[in-house]
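Chemist: Structure for the following, please:
(chains A, B, C and D)
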Number of protein chains: 2
Amino acid sequence: METIKKWRKAQHMNIKKTDPVEATLELIGGKWKPLIIWHLTDKTMRFSELKKSLPKITQKMLTQQLREMEYHGLIHRKVYAQVPPKVEYSLTELGESLVPFLEIMCQWGTKYLKNVKNKAED
Amino acid sequence: METIKKWRKAQHMNIKKTDPVEATLELIGGKWKPLIIWHLTDKTMRFSELKKSLPKITQKMLTQQLREMEYHGLIHRKVYAQVPPKVEYSLTELGESLVPFLEIMCQWGTKYLKNVKNKAED
DNA sequence: TGGTATAGTACCTATTAGGAAACCATTGAT
DNA sequence: ATCAATGGTTTCCTAATAGGTACTATACCA
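Modeler: This next block holds a predicted model:
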């Protein structure tokens, strides 16, 4: 676990104010991960369902992001031994713990979009 | 305003569940913006102070990120007409409204780092 | 026999981030 | 008069990351 190694190093240094934020960003930073978590909230989804929900992501990116999130323990990947293949993704407990965070993000974004809309109508 | 144009377009479409999250990510997505906001919480900082607080950022990136955030109305940039130059950055009201969000991020990250640390000690 | 469906890979290009150094205007020291 | 220092920004080049398109494996179905 890369992250654990980094922490082991960090233990011997001063922990800065920014470290927790940086740690969080390492797990869910980037364009796609928050959206993936948001879609997996309260439901399990197959690869193709996620792809449909995020039309602008490429398959490569989706695979890559899912793998990283699995590696970091945010999501669970369940492969069904059948043809055509079936793979289901769901949030782990750690992943679920990020949902409140996503909710705030969504609330903030909703308000922001309303503001922008009002200004556009002036 | 690029964002406004996008919204004007979006008004005529169905607004999807993910839109507010995407909108938020457009403003504070990326590696540096959350950290910059976090540092500007409750205080005004000069360019060079920010640079010192974020040793890993390059000057170019810092300038770029600050400009984008100013453009999106998250921060205020005050230039003092003096030599050597002095530029102070502070959060706008909109920027301040993101602070609770950063606080949650920091709390989550703190907990996460503790967990990782405990596992590392096993 | 050929087509479909699913979850990917492989390969190549485009975009973005990062690093080093130059720039600019002005002050103060030599 | 010249020259270094200052602080924010810019330029140029390279490295890293994202994106697009095509391809694979395998069983089932027509």
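Chemist: Please see if the longest helix seen in chain A touches chain B.
Modeler: The longest helix of chain A (DSSP state H) is helix A:99-121. Yes: interface with chain B: helix A:99-121 contributes A:100-102, A:104-110, A:112-113, A:116-117, A:119-120 (C-beta under 8 Å from any C-beta of the partner chain). Quick note: C-beta positions are derived from backbone N, CA and C, even for glycine.
Chemist: With stretch A:57-73 instead?
Modeler: No: using C-beta under 8 Å from any C-beta, stretch A:57-73 never reaches chain B; the gap is at least 9.5 Å.
Chemist: Contacts made by that stretch with the rest, please.
Modeler: For stretch A:57-73, the external contacting residues (C-beta atoms under 8 Å, 6 or more residues apart in numbering or on different chains) are A:3, A:27, A:30, A:32-33, A:36-37, A:47, A:50-51, A:54, A:75-77, A:89, A:92, A:94-95.
Chemist: do that stretch and DNA strand C meet?
Modeler: Yes: using C-beta under 7 Å from any atom of the strand, stretch A:57-73 reaches DNA strand C at A:59-60, A:63, A:66.
Chemist: Which of the residues in that stretch are classified as buried?
Modeler: For stretch A:57-73, the neighbour count (16 or more other C-beta atoms under 10 Å in any protein chain shown) marks A:57, A:62, A:65-66, A:68-69, A:72-73 as buried.
Chemist: Repeat that for stretch A:72-84.
Modeler: Neighbour-count burial for stretch A:72-84 flags A:72-76 (criterion: 16+ other C-beta under 10 Å).
Chemist: Pick out the residue closest to the middle of chain A.
Modeler: In chain A, the centroid-proximal residue (C-alpha atoms, centre = their mean) is A:Lys33; its distance is 3.0 Å.
Chemist: So which of the buried residues of stretch A:72-84 sit within strands?
Modeler: A:75-76 (DSSP state E).
Chemist: Can you measure across stretch A:80-95, start residue to end residue?
Modeler: 22 Å (C-alpha to C-alpha, to the nearest Å).
Chemist: This completes my enquiry, with thanks.
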